[in-house]
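Q: fold the following.
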Amino acid sequence: MADRKGGGSPTAVQRVRDQERREDGNMDSTVLTVDTSGRTVTDLTQQVARFCSPRGDGLVNVFAPHATAGLALMEVGSGSEEDLADALGALLPRDNRYRHRHGALGHGADHVLPALVSPSLSIPVLDGTPLLGTWQAVVLVDTNGDNPHRHVRLSFLH
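A: Numbers count the residues shown, from 1 in each chain. I've put the predicted structure just below:
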């Protein structure tokens with residue numbers, strides 16, 4: 001996982017864009033396209049906050065529709081991204097022990113990741129602000145170096 005370590009700083013420029021937007025009476029939804037090249041942890045907190053900002057009170061669901069990525073709430077910018085990458089590397093070694101063997105060496109570990117790091121999060125929102133703890137950030141966790149192009153769906157329930 002050496003090539004995937006380092007979540008970068010929370011101020012690092014990330015290529016994230018809205019892919020689509022759907023709004024109906026009870027739910028608004030959009031899809032972010034995220035480039036995870038070279039990092040295990042990508043901070044999505046600003047994109048989630050921007051999505052929630054005009055929507056008032058409700059619940060935001062963040063979902064990664066991938067078999068090899070997950071989402072987490074964690075502190076960023078303090079070395080925690082590298083610590084998580086190291087912990088995942090120790091827990092899910094990059095070798096040939098996996099039955100799922102296509103892709104890069106150890107790719108089977110990528111397919112185990114979503115059982116440990118959930119592919120979705122739900123966060124309460126009050127007056128357009130996600131109610132995160134002081135040090136909590138919304139992050140995409142992706143150990144799969146074979147595919148750095150990810151989608152994350154944000155859905156706001158009123």
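
Q: neighbours of Gly103, how many?
A: Burial of Gly103 is recorded as 15 neighbouring residues (other CB atoms under 10 Å). Glycine gets a C-beta too; all of them are placed from N, C-alpha and C.

Q: I'd guessed it sits against Asp146; true?
A: Yes: Gly103 lies in contact with Asp146 (CB atoms under 8 Å); the separation is 4.7 Å.

Q: the residue lying closest to Arg101 once chain neighbours are set aside and Arg39, how far apart?
A: Nearest residue to Arg101, sequence neighbours excluded (CB to CB, 6 or more residues apart in numbering): Gly108, at 6.3 Å. Look at Gly108 and Arg39: by CB to CB, to the nearest Å, they are 21 Å apart.

Q: pick out whichever of the two has more residues nearby.
A: Under the neighbour definition other CB under 10 Å, Gly108 and Arg39 were set side by side, and Arg39 has more, 23 against 19.

Q: how close does the more buried one sit to Trp135?
A: Distance from Arg39 to Trp135, by CB to CB: 19 Å.

Q: quick one: secondary structure of the spatially most distant residue from the centre of the chain?
A: Centroid-distance maximum for the chain: Gly25 at 26.9 Å, with CA atoms, centre = their mean. Secondary structure assignment for Gly25 (DSSP: H, G, I helix; E, B strand; the rest coil): coil.

Q: now for Gly103 and Asp146: what residues contact both?
A: Between them, Gly103 and Asp146 share these contacting residues under CB atoms under 8 Å, 6 or more residues apart in numbering: Asp110.

Q: what residues are up against the residue nearest to Val112 when sequence neighbours are not counted?
A: Take Val112 and drop its neighbours on the chain: the residue closest to it by CB to CB, 6+ apart is Leu92, 5.7 Å away. Contact analysis of Leu92 by CB under 8 Å, 6+ apart lists 106, 109-110, 112-113, 116, 143.

Q: for stretch 149-158, the averaged confidence score.
A: On average, the pLDDT along stretch 149-158 is 97.
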